[in-house]
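**Student:** what would the 3D arrangement of this be:
(chains A and B)
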2 protein chains.
Amino acid sequence: MKIGILGAGQLARMIALAGYPLGLEFVFLDPSPEACAGKLGEHLVGAYDDLSMLAKLAAKSDVITYEFENVPAHATEFIERRTNNVYPPSNALNVSQDRLNEKNYFHDLGIPTSDYWTVDTFRDLKLAVFGKNYPFILKTRSFGYDGKGQVFLNSEADLASAWESLKDYACILEAFVPFQREVSIIAARSVSGEVKYYPLSENLHKGGILRVAECRENDHLQAQAEDYVSRLLESLNYVGIIALELFDVDGKLLANEFAPRVHNSGHWTIEGAETSQFENHLRAILDLPLGSTAAVGNAAMVNFIGGLPETADVLAIDNAHLHLYGKSPRKGRKVAHVTVRTESKEQFEESISNLKKLADQVDES
Amino acid sequence: MKIGILGAGQLARMIALAGYPLGLEFVFLDPSPEACAGKLGEHLVGAYDDLSMLAKLAAKSDVITYEFENVPAHATEFIERRTNNVYPPSNALNVSQDRLNEKNYFHDLGIPTSDYWTVDTFRDLKLAVFGKNYPFILKTRSFGYDGKGQVFLNSEADLASAWESLKDYACILEAFVPFQREVSIIAARSVSGEVKYYPLSENLHKGGILRVAECRENDHLQAQAEDYVSRLLESLNYVGIIALELFDVDGKLLANEFAPRVHNSGHWTIEGAETSQFENHLRAILDLPLGSTAAVGNAAMVNFIGGLPETADVLAIDNAHLHLYGKSPRKGRKVAHVTVRTESKEQFEESISNLKKLADQVDES
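**Tutor:** Alright, predicted model coming up:
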């Protein structure tokens, strides 16, 4: 059985590493010849909207999936015309590609969000903020990631420069909600409709980039998060792993965005859950029974951004599990993550603290 | 960093899967073009004693290791002349390749074994058994594995036929000791001499082939096993994972044999230990800090021999982790193993029982 993946970055790499033990083989389409998953299967070097390459990928694959959501809609539709086995479904990608559609979709499903307004002109922007309390965030509707395409508005004085930087894009203005925590819920839904939820991840961002994600078993907001993500899964007739990012505002969850793919905040599941998000993504799209999503002890993940520590320094930390992506370090680039998994809470705190220090030392974000 | 491996079977495959997250790449030498690790790196197709291929492997590799012990001595020495980074050391392979040398080596280190005698002629065989109690096992000194090259002797009536079947080989006769259990200890020793021991595995063989290996945390014979394997590690100046197989005879351990490599009885460590034997083998030969060998809950491994179950039937078993080797099923061939890892002992017993049934159904050994 051969799985085709659009993209050959670290997410595709970790999917492939989870897939070999299931007897799977892989073919990737990625424009970069150096893409880091390329060594784990056949690598077709080509653009995501190169129809001849997409046709080649479809011909070589039994099932096709994505490692990221910004695949052009016509590419997805082109593949879907060639094979029925494309998961997650293209409508999930379409919705998530546009922050406005995504927020509207949340609202239609009764999933609360912060207030938001469409902004196509400077006049729209001025009208949206009029008479309301700052701060806001102005975001491009499409192609934003890791904090890119976002400007924070603290007061009216920021309006003009914010507009100047994003005026070439269709935008959305969002009210900034003072939240206690950022959390995400990772869930899996199979072709047959079996659904499993991972324990909540509590996420720490800096400069718009995820730094730390910690498994929160038995969190008091687990049921609320499961309710919201289940609405998404059913409504989209979703297949695969989905990640829903949420703000915890006084015990009420507001949806921020969802990712129709395996997600950085779920990387701790490789060692920290009975079955990793990568394996469950494959089980889901192959309509195999989903694996247990239960946490195995204490688990958290720390990202390494831009720079890499010495391997020996990481492995000297108790119960640290290193995941290098095989990418050369570059400013702002995610090049590795490390999971800590322990039985003892004290050992966990100590290892995580050492790991964060190491990540800060090499941080080039 | 590129690791060269002699052999590209399932052990090399699992070493490679453990190595990618450490940022490693792999090159394999294996005579079979279909060897199942081949997709996880560069595969040099050639015999283990093909000096030009060995030179090629050495030139491409930063460190070289083995997935099996029956590499011809002149091949090992040839590589060692080309690079200092060959682990485990060739003397470990030399000792383990010959059951007589191995038993003598155990004795020199004060590691007890059952009684044994050299058998080069039929007269040797008759003299050895004279006046002693049956049963015995006649074994070829070299190249035996999975029960091959062994004949059980229940009485004098078996002598002639046993000799007839093995007379072309140098042999060793061993007294058969009625044991309560077969156990093995897996240990790792790094270039710097750091040593870690896994919890004992309790092993169930049938027809000379390992069927089930179960992690025995806090076994009362752990210290005795660690003592014996530590003598081997120090004496051989060993680097890498070693497996020492032992018989438990009324609470006293007798050494049977050792394998200078990752071992089937340690496959449960992938999910059932904090760090797998495959990752610790790599850490050891790269002189990185060794990872914790602590068990994570209840863990056991069941082999699938000759035939394969439906993937969905395996994954429907709670906490079953499938490891397909990508080999086509053939009588007597190890084609997969499944680990069960649980927190609850009841769930463990139930899953293992279901798994054994599945393994028995497809058994073609």
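**Student:** what's around the residue in the stretch 1-150 of chain A positioned nearest to chain B, how many residues?
**Tutor:** Using CB to the nearest CB, the closest approach of the stretch 1-150 of chain A to chain B is made by A:Gly23 at 3.6 Å. Where C-beta positions appear, they are placed from N, C-alpha and C, glycine not excepted. Neighbour count for A:Gly23, taken as other CB atoms under 10 Å in any protein chain shown: 18.
**Student:** contacts only, for it.
**Tutor:** A:Met1, B:Thr311, B:Leu322, B:Leu324, B:Gly326 (CB atoms under 8 Å, 6 or more residues apart in numbering or on different chains).
**Student:** helices of chain A, residue ranges please.
**Tutor:** For chain A, helices defined by DSSP state H occupy the ranges A:10-19, A:51-60, A:73-82, A:90-97, A:99-108, A:122-129, A:159-166, A:222-235, A:269-272, A:277-285, A:311-315, A:345-362.
**Student:** in JSON lines: these, plus mean pLDDT.
**Tutor:** Shown next, in JSON lines, are those (pLDDT from 0 to 100):
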{"stretch": "helix A:10-19", "mean pLDDT": "98"}
{"stretch": "helix A:51-60", "mean pLDDT": "96"}
{"stretch": "helix A:73-82", "mean pLDDT": "88"}
{"stretch": "helix A:90-97", "mean pLDDT": "93"}
{"stretch": "helix A:99-108", "mean pLDDT": "97"}
{"stretch": "helix A:122-129", "mean pLDDT": "95"}
{"stretch": "helix A:159-166", "mean pLDDT": "93"}
{"stretch": "helix A:222-235", "mean pLDDT": "98"}
{"stretch": "helix A:269-272", "mean pLDDT": "98"}
{"stretch": "helix A:277-285", "mean pLDDT": "98"}
{"stretch": "helix A:311-315", "mean pLDDT": "98"}
{"stretch": "helix A:345-362", "mean pLDDT": "96"}
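**Student:** make TSV out of these and add mean neighbour count and distance to B:Ser61.
**Tutor:** What follows is the helices of chain A, written out as TSV (neighbours: other CB atoms under 10 Å in any protein chain shown; distance: least, CB to CB, whole Å):
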stretch	mean neighbour count	distance to B:Ser61
helix A:10-19	26	21
helix A:51-60	16	31
helix A:73-82	16	39
helix A:90-97	20	42
helix A:99-108	18	49
helix A:122-129	16	60
helix A:159-166	16	50
helix A:222-235	18	46
helix A:269-272	26	27
helix A:277-285	27	29
helix A:311-315	19	18
helix A:345-362	16	28
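**Student:** among the ones you listed, which is nearest B:Ala8?
**Tutor:** helix A:10-19 (17.4 Å; CB to CB).
**Student:** now check the closest one, is it near chain B?
**Tutor:** Yes - residues of helix A:10-19 are located near chain B by CB under 8 Å from any CB of the partner chain, namely A:Arg13, A:Leu17.
**Student:** how about the residues of the stretch 1-150 of chain A by chain B?
**Tutor:** So the stretch 1-150 of chain A meets chain B at A:Arg13, A:Leu17, A:Tyr20, A:Pro21, A:Leu22, A:Gly23, A:Glu25, A:Lys39, A:Leu40, A:Gly41 (CB under 8 Å from any CB).
**Student:** is it possible to get JSON lines of the helices of chain A that adds distance to B:Leu57?
**Tutor:** Formatted as JSON lines, these follow (distance: least, CB to CB, whole Å):
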{"stretch": "helix A:10-19", "distance to B:Leu57": "24"}
{"stretch": "helix A:51-60", "distance to B:Leu57": "30"}
{"stretch": "helix A:73-82", "distance to B:Leu57": "40"}
{"stretch": "helix A:90-97", "distance to B:Leu57": "44"}
{"stretch": "helix A:99-108", "distance to B:Leu57": "52"}
{"stretch": "helix A:122-129", "distance to B:Leu57": "64"}
{"stretch": "helix A:159-166", "distance to B:Leu57": "54"}
{"stretch": "helix A:222-235", "distance to B:Leu57": "49"}
{"stretch": "helix A:269-272", "distance to B:Leu57": "31"}
{"stretch": "helix A:277-285", "distance to B:Leu57": "31"}
{"stretch": "helix A:311-315", "distance to B:Leu57": "23"}
{"stretch": "helix A:345-362", "distance to B:Leu57": "34"}
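**Student:** against B:Tyr116, how distant is the closest residue to A:Val151 other than its chain neighbours?
**Tutor:** The shortest distance from A:Val151 to any non-neighbouring residue, by CB to CB, 6 or more residues apart in numbering or on different chains, is to A:Ala162 (4.2 Å). Going from A:Ala162 to B:Tyr116 by CB to CB, to the nearest Å gives 83 Å.
**Student:** with A:Glu245 instead?
**Tutor:** 65 Å.
**Student:** burial count for the residue lying closest to A:Val212 once chain neighbours are set aside?
**Tutor:** Leaving aside its chain neighbours, A:Val212 sits nearest to A:Leu204 (4.2 Å; criterion: CB to CB, 6+ apart). By other CB under 10 Å, 16 other residues sit near A:Leu204.
**Student:** A:Leu204: what's it in contact with?
**Tutor:** A:Glu182, A:Leu210, A:Arg211, A:Val212, A:Ala213.
**Student:** and stretch A:215-228, end to end?
**Tutor:** 19 Å (CA to CA, to the nearest Å).
**Student:** any idea how far that stretch is from the chain center?
**Tutor:** Relative to the centre of its chain, stretch A:215-228 is centred 18 Å away, using CA atoms, centre = their mean, to the nearest Å.
**Student:** cool, stretch A:204-212 as well?
**Tutor:** 12 Å.
**Student:** swap in stretch A:312-319?
**Tutor:** 26 Å.
**Student:** what about that stretch, how long is it end to end?
**Tutor:** Per CA to CA, stretch A:312-319 runs 13 Å from first to last residue.
**Student:** how about stretch A:26-35?
**Tutor:** Note: stretch A:26-35 ends 14 Å apart using CA to CA.
**Student:** which outside residues touch it?
**Tutor:** A:2-9, A:12, A:15-16, A:19, A:37-38, A:40-48, A:53-54, A:57, A:60-61, A:328.
**Student:** and for stretch A:300-309?
**Tutor:** A:209-215, A:264-265, A:267-268, A:272, A:324, A:329-340, A:348, A:352, A:355-356, A:358-359, A:361-365.
**Student:** can I see the domain layout of chain A?
**Tutor:** A:2-86, A:115-175, A:181-362 (automatic domain parsing).
**Student:** sounds good, over and out.
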